[in-house]
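Chemist: The following block contains a protein sequence and its predicted model.
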Amino acid sequence: MPNRRAPPSLFSRIEGLPIIVVFVLLLGLFMYTAPNVFLHPQIYTTLASTAPPLILLAAGLTFVIGAGEIDLSFPAVIAFSGYVFAVLFKDYQLGWIAVAGGLASGLLVGVVNGLLIARIGIPSFIATLGTQFFWSGMATLFSGGKSYALRGADESSVWQWIVGTFGDPNSIAWQDQISIQAIWTGLIVLGLWFVLNRHVFGEHILFIGDSKDVARVVGVNVERETITLYTLMGGLAAVAAMMLTLENKNYFGNQGGGYLLTAIAAVLIGGTSIFGGKTTLIGTVFGCFIIWMLEAGLVASGLTGAWVRTVQGLIFLIAIVFYLLVEEPARRASLFRRFGAKESGRTAKV
Amino acid sequence: MNAEPDQTHAAFRHIVRMEGVQKYFGAVHALRNIDLAIGRNEIVGLIGDNGAGKSTLIKVLTGVIQPSSGRIYVRDQEINLASHSVGHAHALSIETVYQDKSLGEKQPLWRNFFVGRQITNRFGFINIREEKRIAQDILLNTIGFRGVGIGVDSNVKQLSGGERQGIAIGRAMHFNSDLIILDEPTVALAVKEVRKVLDFVRRIKASGRACIYIEHNLAHVHEVADRLLVLDRGEIVADVAPKDMTVPELTEFLINLQHNR
Ligand SMILES: Nc1ncnc2c1ncn2[C@@H]1O[C@H](COP(=O)(O)OP(=O)(O)OP(=O)(O)O)[C@@H](O)[C@H]1O
Ligand SMILES: [Mg+2]
């Protein structure tokens, strides 16, 4: 009893501190095991150019999971919005209008998800599982399964503004290779942080995640905020899709596939509660760094892709179990009691 | 701290009045033809068996759910039920304290005080400093949480049942409501905490407001109510003054209702 009145510990006062510590330790470990990779700036400029889609997806998912919901359809948005953008950009030469089109297609997917979940009342897991298949199927049908090479895209202002670099494009010095998408992503995440922590919408998301019944009785329009939530997620996934397509100068149909586990893992590793109501965007960003670094570090240490996935899956599960036990004293107690019950010969009733 | 209710509404007789309100949940007829009127400074106890429809009645009143049919008047003005909502009820100075579902468990107290009617700038960003300042004031002065180590940043999860009820009640008091609805506010509270809640009900009366008080413990409602409404299977079956019926008689009456099923 007495410690519940104790002043908040350092760990709870600085947002995302535990995960930042883990990140630093991991970074140190990789610097030790793969110094030729992690002590050179190239790896960090690569991070700046390839991590933004993951970070944007995970930032959106922080809201979704914070609201106690899930979205499984964002890989399909990566495919579908990427396709819409690629076609408008390459075949129709529409430039910035193609960007608007790509964004609109992501928002559309989001609105549909929101309506299915909030209006019709389908659990989000099921609804977005369905829309995931629907939209990725659509993308494959339209594109005929072909990939789209955006050759010469780097001549366009769209490319230069969204995924270009600051410095002289012909220079190979690392300072000149820092990608603009890292700056955009940083600004978007900063904006989202303020929305989540300081805006009415963010507060409503937290209360919805806490309990929909409470949210309703205190006057939150749960339906409207849920639709907004999924629209936001769709929009962010569309931005991620366009960054990815432009960065690769190529569209291919299953370009979103790898993000399903990694984006959700980044959010949960970061410390956002799987039960909703408690979020940390800073934790999410460091969760992304960890996921990304594990991939790079394991590959640099000479392991294959299958190993990387196995290790990512394992770390994901460990993180969830860890947070579950730290955050939910009741569950922790019941777990320990279950072990205790076994030890004492199954006499205690749980 | 206990500002007088809004004087601009001086010319009304009943704070709320319902006419022929019905509510179906699918085949369940939860409210049958409810007619009631609550005076502007009246404490009305609402009693009845589990599942009688008490919570449903107040949810209809406070805009959480829509009735299937009927009319509702607030300060003698009919309200448009299609657009009635929790926010609308708040705007009409009607506040509700639920037994358990009033507070966001994982959220700090300051958010709990203001959620649904945050102090914001025109872009919807919350003025956290102002909200915390007022929340601090409510904690110290309205609720009287002094020296118990509870601050505006404490999470609801950390509070005892009585403390939670205090928070919800303090919130209702702060927002200067004309009608405060208490849905079983004393469930699972120790005797001392119950006394606090009853004192609060008396303060509602003394400050000139109205209150609907749902309670299973007949001694508690009997003690503070001006009038008791008995709900049975969605219907109002009795409207009695506490002075006309003692607690044992009331108990007897309710038991007979159950036997007649
Ligand atoms: N959302 C709902 N959907 C379906 N049926 C409901 C719903 N809410 C209430 N009911 C039903 O309506 C009836 C009245 O319920 P209500 O909660 O109003 O009772 P109550 O008088 O508050 O009971 P208690 O004293 O146990 O709180 C019950 O039969 C209940 O099962
Ligand atoms: Mg009830």
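Modeler: Received it, and whenever you're ready, just let me know what you need. Ligands and ions are numbered 1, 2, ... in the order given.

Chemist: how far away is whichever residue of the stretch 251-350 of chain A sits closest to ligand 1 from residue A:66?
Modeler: Per C-beta to the nearest ligand atom, residue A:276 is where the stretch 251-350 of chain A lies closest to ligand 1, at 21.1 Å. The way it works is simple: take the backbone N, C-alpha and C, and place the C-beta from them, glycine included. Between residue A:276 and residue A:66 the distance is 6 Å, computed by C-beta to C-beta, to the nearest Å.

Chemist: Pull the number of nearby residues for the closest residue to residue B:145 other than its chain neighbours.
Modeler: Nearest residue to residue B:145, sequence neighbours excluded (C-beta to C-beta, 6 or more residues apart in numbering or on different chains): residue B:139, at 4.8 Å. Residue B:139 has 23 neighbours, counted by other C-beta atoms under 10 Å in any protein chain shown.

Chemist: Heading C-terminal from the lowest-mean-pLDDT helix or strand in chain B, find the next helix or strand.
Modeler: Least confident helix or strand of chain B, by mean pLDDT, DSSP states H and E, is helix B:161-174 with a mean of 79. Once helix B:161-174 ends, the next helix or strand along the chain (criterion: DSSP states H and E) is strand B:179-183.

Chemist: List the neighbouring strands of that next one plus their orientation.
Modeler: strand B:94-97 (parallel), strand B:210-214 (parallel) (DSSP bridges).

Chemist: Can you tell me which of these has the worst average pLDDT?
Modeler: Among the strands paired with strand B:179-183, strand B:94-97 carries the lowest mean pLDDT, at a mean of 87.

Chemist: what's the average pLDDT for the helix or strand just after that strand?
Modeler: Sequence-wise, the next helix or strand downstream of strand B:94-97 (DSSP H and E) is helix B:109-114. Helix B:109-114 carries an average pLDDT of 94.

Chemist: can you list the residues of chain B near chain A?
Modeler: Residues of chain B lying near chain A by C-beta under 8 Å from any C-beta of the partner chain: B:62, B:64, B:85-87, B:90, B:96, B:98, B:101-107, B:111-112, B:115-118, B:120, B:123-126, B:128, B:148-150, B:153, B:158.

Chemist: Buried among the residues you listed? Make that a PyMOL selection.
Modeler: Buried members of these, defined by 16 or more other C-beta atoms under 10 Å in any protein chain shown, are picked up in PyMOL with:
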select buried, chain B and resi 62+64+86+90+96+98+101+102+103+104+105+106+107+111+112+115+116+118+120+125+126+150+153
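
Chemist: Check the secondary structure at the closest residue to ligand 1 within the stretch 1-150 of chain A for me.
Modeler: Here the residue of the stretch 1-150 of chain A nearest ligand 1 is residue A:121; by C-beta to the nearest ligand atom that distance is 12.7 Å. Recorded secondary structure, residue A:121: coil (DSSP: H, G, I helix; E, B strand; the rest coil).

Chemist: Which among the strands paired with strand B:179-183 is found nearest to residue B:256?
Modeler: strand B:210-214 (20.9 Å; C-beta to C-beta).

Chemist: close to ligand 1, is the closest one?
Modeler: No - for strand B:210-214, no contact with ligand 1 is found by C-beta under 6 Å from any ligand atom; the gap never falls below 7.0 Å.

Chemist: quick one: contacts of that strand?
Modeler: B:15-16, B:38-47, B:54-55, B:58, B:61, B:178-185, B:201, B:204-205, B:221, B:224-225 (C-beta atoms under 8 Å, 6 or more residues apart in numbering or on different chains).

Chemist: Go through that strand and flag the buried ones.
Modeler: Quick answer for strand B:210-214 (16+ other C-beta under 10 Å): B:210-214.

Chemist: From those residues, pick the one nearest residue A:131.
Modeler: residue B:214 (42.5 Å).

Chemist: how near is the closest one to chain A?
Modeler: To chain A, residue B:214 is 14 Å away according to C-beta to the nearest C-beta, to the nearest Å.

Chemist: again, but for residue B:133
Modeler: Counting by C-beta to the nearest C-beta - residue B:133 and chain A are separated by 16 Å.

Chemist: any idea of the pLDDT on that residue?
Modeler: For residue B:133, the predicted pLDDT is 95.

Chemist: so what secondary structure elements neighbour the helix or strand containing residue A:314?
Modeler: Element membership of residue A:314, judged by DSSP H and E, is helix A:305-327. In this structure, helix A:305-327 packs against helix A:259-270, helix A:281-300, helix A:329-343, with contacts taken as 3 or more C-beta pairs under 8 Å, 6 or more residues apart in numbering or on different chains; DSSP states H and E.

Chemist: mean pLDDT lowest for which of the ones you listed?
Modeler: Lowest mean pLDDT within the helices and strands packed on helix A:305-327: helix A:329-343, a mean of 67.
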